[in-house]
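Asks: Test case, fold it:
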Amino acid sequence: MRHSHLLLDGERATAERLVGLTADITTRQGTTYTAELVRGYYAGQVVLRHADTWVQIDAADITTGRTHDDIPPAITRTVRVADRGTSRSYEGVTIRRVTLVWTCPYCGRPRGEPRTSRIPEDGEYYYADAWSNPCAHTDMYAQVLVEAGVHLVQRVEA
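Replies: Below you'll find the predicted structure:
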């Protein structure tokens, strides 16, 4: 099995460090992606935008990744979001910390300033971050979890 060989600034790097960068990524299957922006990384899955489509790649399948040095990295933030799972049955809530590119995935403008939000669930209170985007696009937690790579990417056209 071949290991990932990612180059950032000429040095070997981990997939997590790709978040917020624009890169050319090649997989073991021979597919090459020119990522407009690597949106997220979670549990071995890298999420990127390629030709207005979101793609999720297993980081172990990446053979090379070269960043575009002429494009500055995007600002990222780590926030807490509520994860209610993906099944139709009730799974409860889990608060997850995810790192996001701090721009709206629809229009590219900056996201709003996060604030702590209290979420009541089954008689318990959970604390997550919430924000309102100045562009008026709403970031739903379920969509944010896909963007971060926590849940599988559903084909999303932007």
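
Asks: I'd like the distance between the most far-flung residue of the chain relative to its centre and residue 92.
Replies: Among the C-alpha atoms of the chain, the one farthest from their average position, using Cα atoms, centre = their mean, is that of residue 123, at 30.7 Å. Spatial separation of residue 123 from residue 92 under the definition Cβ to Cβ, to the nearest Å is 12 Å. Bear in mind the C-beta positions are built from the backbone N, C-alpha and C, glycine included.

Asks: just residue 46 next, same as before
Replies: In this view, residue 46 and residue 92 are 28 Å apart by Cβ to Cβ.

Asks: the more surrounded of those two?
Replies: Counted by other Cβ atoms under 10 Å, residue 46 and residue 92 do not tie: residue 46 has more neighbours, with 28 against 11.

Asks: Other residues contacting whichever strand or helix holds that one?
Replies: Under the criterion of DSSP states H and E, residue 46 resides in strand 45-50. Taking Cβ atoms under 8 Å, 6 or more residues apart in numbering as the criterion, the residues outside strand 45-50 that touch it are 15, 18, 23, 25, 33-41, 54-59, 62, 105, 146-149, 153, 158.

Asks: swap in stretch 113-124?
Replies: Looking at what lies outside stretch 113-124 - Cβ under 8 Å, 6+ apart - the contacts are 77, 79, 82, 92-93, 125-131.

Asks: and which of those is nearest to residue 111?
Replies: The closest of the contacts of stretch 113-124 to residue 111 turns out to be residue 131 (Cβ to Cβ; 5.8 Å).
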